[in-house]
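Colleague: No sequence on hand, only this structure:
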C-alpha cells in the first residue's frame, strides 16, 4: 500500500468520527414546566453547539406535579425545571435528588390577560366589576401559577364571588388556547407566555399583578439521582447557571436571581 493510499484511509476515518458525534456523545433527559419550554429549547440549542452531548427535552408533562409523578413512577429524567421551591425540597427530602443541588433559575411573573384589547385595565379592576363571563386559572392543586392566581383572588376577596366563572385548566398552554379561541374572556397566565419570543402575534390587554399579591414564583432546577454518574448532565446543569442561560431567561421575560 502506498503512503498516499494509507493517508487517504486515515483521513476517511477521521472524517467519519467528526461527522458522527452521536457515536461518543451522552444523552441528557430533561423535564420542565410549560412556561420554561421555549426558553429551555433555546438554551439547549446553544449548549449542543458547544458540546457533543445530546439534550432530550421531555414535553409530555407540563406542571410541577405531573413532573413530580413522572420522577416517582418512571425515573427517566436527569434534570428537572420546576415551578416552585416546595416540590424541589420535597424531592430532596425523599432522596430523589443529588443532595443540595437545587437552585433558583428564575422568578416568574403572573399577569391577568385578555385577547380583548380594552377588557383588562392597568389595575385589574375588571375582577371587581365582574364584566366578563369566564376566567381561566391553572388548577391550584397541580401548579404554582394556579396557586398564585388563587392567592390574588383571595387578596382581592373575589375567590368565592368569582368561583362560578372560574374555568380550571391543566397548564398555561391550555389556558392560552382557551383565551385565544374565545372560550374564556380572561386568564391568569405567566408573563413569559406573552413574550414575542415565546409566541408571535399575542395581543390584547393585561394587568401586571404586583408581586406582593402572591407567594414568589421561585422556579427551581434540580439534578436527580439518575444523573449522579452522568458527567454530561452535570455539565448541562451547570450551564443553566451560566451568563448565556441567564440572558436567555431574561430575554423571555423571567427575572433571574
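Modeller: Sure thing, it's come through. This structure is a prediction, so every number in the text was calculated from the model and none was measured. Residues are numbered from 1 along each chain as shown.
Colleague: Report the contact partners of residue 161.
Modeller: residue 130 (C-beta atoms under 8 Å, 6 or more residues apart in numbering). Bear in mind the C-beta positions are built from the backbone N, C-alpha and C, glycine included.
Colleague: ok but it is inside a helix, no?
Modeller: Yes: assigned with DSSP: H, G, I helix; E, B strand; the rest coil, residue 161 falls within a helix.
Colleague: Now that we're looking at it, what pLDDT does it have?
Modeller: Here, the pLDDT recorded for residue 161 equals 95.
Colleague: Run through the helices of the stretch 151-257 of the chain in chain order.
Modeller: 159-162, 172-180, 231-239, 243-251 (DSSP state H, counting those that start in this stretch).
Colleague: Return the most buried member of those helices.
Modeller: helix 172-180 (a mean of 20; mean count of other C-beta atoms under 10 Å).
Colleague: Redo the helices of the stretch 151-257 of the chain as a markdown table? Include distance to residue 144.
Modeller: Output for these, formatted as a markdown table (distance: least, C-beta to C-beta, whole Å):
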| stretch | distance to residue 144 |
| --- | --- |
| helix 159-162 | 17 |
| helix 172-180 | 11 |
| helix 231-239 | 21 |
| helix 243-251 | 17 |
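Colleague: rank those helices by mean pLDDT and give me the bottom one.
Modeller: When those are ranked by mean pLDDT, helix 172-180 comes last with a mean of 90.
Colleague: ok, and what's touching that helix?
Modeller: Contacting residues not belonging to helix 172-180 are listed as 34-35, 62, 113-115, 136-138, 143, 145, 167, 169, 184-190, 193, 199, 204 [C-beta under 8 Å, 6+ apart].
Colleague: what sits against the closest residue to residue 192 other than its chain neighbours?
Modeller: Nearest residue to residue 192 in three dimensions, chain neighbours excluded: residue 253, at 4.1 Å (C-beta to C-beta, 6 or more residues apart in numbering). By C-beta under 8 Å, 6+ apart, the contact set of residue 253 is 109, 190, 191, 192, 194, 195, 198.
Colleague: Do you know the pLDDT at the residue lying closest to the first one once chain neighbours are set aside?
Modeller: Setting aside the residues directly before and after it, residue 109 is nearest to residue 191 in space (C-beta to C-beta, 6+ apart), at 4.0 Å. The predicted structure scores residue 191 at 90 on the pLDDT scale.
Colleague: residues near residue 191, how many?
Modeller: When neighbours are defined as other C-beta atoms under 10 Å, residue 191 has 21 of them.
Colleague: Can you tell me how far it is from residue 63?
Modeller: Look at residue 191 and residue 63: by C-beta to C-beta, to the nearest Å, they are 18 Å apart.
Colleague: Residue 34 now?
Modeller: In terms of C-beta to C-beta, residue 34 sits 7 Å off from residue 63.
Colleague: what sits in contact with each of the two?
Modeller: With C-beta under 8 Å, 6+ apart as the test, residue 34 and residue 63 both reach residue 171.
Colleague: how about the nearest residue to residue 126, chain neighbours excluded?
Modeller: Nearest to residue 126 is residue 120, by C-beta to C-beta, 6+ apart, at 5.5 Å.
Colleague: Over to residue 219?
Modeller: Nearest residue to residue 219, sequence neighbours excluded (C-beta to C-beta, 6+ apart): residue 106, at 4.9 Å.
Colleague: which residue ranges form the strands in the stretch 51-200 of the chain?
Modeller: Listed in chain order, the strands found in the stretch 51-200 of the chain under DSSP state E, counting those that start in this stretch are 54-58, 79-82, 103-108, 110-114, 135-138, 166-169, 186-190.
Colleague: which one of those strands has the most crowded surroundings?
Modeller: For the strands of the stretch 51-200 of the chain, the highest mean count by mean count of other C-beta under 10 Å goes to strand 186-190, at a mean of 28.
Colleague: Okay, now the sheet partners of that strand, with direction.
Modeller: strand 110-114 (antiparallel), strand 135-138 (parallel) (DSSP bridges).
Colleague: Indicate which one of these is closest to residue 86.
Modeller: strand 135-138 (15.7 Å; C-beta to C-beta).
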